[in-house]
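Colleague: all I have is the shape, not the residue letters:
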């Protein structure tokens, strides 16, 4: 069982001059990144930043592909956000193509897990890298998903490896825009 | 394949004194209905009503449970909205319980179709009753789904029967708020 919070918690990531996290670098992956900003503020509950260079919003929502068995294994293994040792973070916005969204649920699940092993691969890392997914597509945002990661500096290589493995998967053939922000505090 | 429109088309249903549809009656089903309004306006593209008694918004989004095979059968059989003969309509907002949203994808699918036959039952009616689903939960709206139906007067009994069958299903044990607006033009 996942804990449900109603309404779906909305989070805004705002790049500018304020916020707990220093933006160390912005890396293009597929298509144009959003550029600029020295610090990133994470604003909960639909709060809006007063000034910003760019901002992206998403909601924590119900899972879409995870089975009950996978959810149990994730819950048992995963770390919470906000640990003192986790001085590194990454924000990765991605957008999936119309071809992806045109697929039916069983076809998307088949690519996501049976062929790309998204959850199986992720499970190898969740005890070192904390993660929270935000859904943006139905909000009319420019990206479909915003994933926020936190990890200790000694796990940065593991994080890089995770990204390489996911980006090599069949699922990533359906990603048509992606960039990466690396941060520290 | 479903046709994908980006961004997810947003629709606002506004009850008040204007709109193409006359509100004939508002029926409570589970919990408190929204009351008032003589006519219903359907505003596309995020347009906001200038005056209203109540309003509800949702987005047309990707399907969440439908398999490719089910999607093919629905597409082959279903009617479009806006037919001249379809002088009757209904708007049915529903909210599902935290217990529903805590379930994993496979558990929700199992209840939705394998045990409640939501799509199988619906397929018996789609050649008489046109339907469009709007997702509201991630928008912070009071309901999770808004379904809009259109049908000719001679198919009202079939529509009533469809509602009775769906509401008797196991899936509906997870509906914790629902009301119904019947309309005509």
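Modeller: That came through fine. Not measured: the values here are computed from a predicted model.

Colleague: spatially central residue for chain A, please.
Modeller: The residue lying closest to the centre of chain A (Cα atoms, centre = their mean) is residue A:147, at 0.8 Å.

Colleague: for the most far-flung residue of chain A relative to its centre, phi and psi?
Modeller: Relative to the centre of chain A, and counting by Cα atoms, centre = their mean, the farthest-placed residue is residue A:50 at 23.9 Å. Per-residue torsions, residue A:50: phi -80, psi -40 (degrees, to the nearest 10).

Colleague: please report how far it lies from residue A:83.
Modeller: 29 Å (Cβ to Cβ, to the nearest Å). Backbone N, C-alpha and C define where each C-beta goes, glycine included.

Colleague: buried residues in stretch A:93-113?
Modeller: Neighbour-count burial for stretch A:93-113, counted by 16 or more other Cβ atoms under 10 Å in any protein chain shown, picks out A:93-96, A:100-106, A:108-113.

Colleague: again with stretch A:152-161
Modeller: Buried, per 16+ other Cβ under 10 Å, within stretch A:152-161: A:152, A:155, A:159.

Colleague: residues from chain A in reach of chain B?
Modeller: A:1-4, A:6-8, A:10, A:46, A:59, A:61-68, A:70-71, A:98, A:101-107, A:109, A:135, A:137-141 (Cβ under 8 Å from any Cβ of the partner chain).

Colleague: over to residue A:76: give its phi and psi.
Modeller: According to degrees, to the nearest 10, residue A:76 has phi -70, psi -30.

Colleague: hmm, back to that, tell me which of the buried residues of stretch A:93-113 fall in strands.
Modeller: Mapping the buried residues of stretch A:93-113 onto strands (DSSP state E) picks out A:93, A:94, A:95, A:96.

Colleague: OK, contacts around the third one?
Modeller: Pointing back at residue A:95 there. Residues near residue A:95 by Cβ atoms under 8 Å, 6 or more residues apart in numbering or on different chains: A:31, A:142, A:143, A:144, A:145, A:175, A:176, A:177, A:178.

Colleague: the helix or strand that contains the residue nearest to the centre of chain A: partners in the sheet, and parallel or antiparallel?
Modeller: Counting by DSSP states H and E, the element that carries residue A:147 is strand A:145-151. Strand A:145-151 has its sheet partners listed here by DSSP bridges as strand A:88-96 (antiparallel), strand A:129-135 (antiparallel).

Colleague: name the residues of it that are buried.
Modeller: A:145, A:146, A:148, A:149, A:150, A:151.
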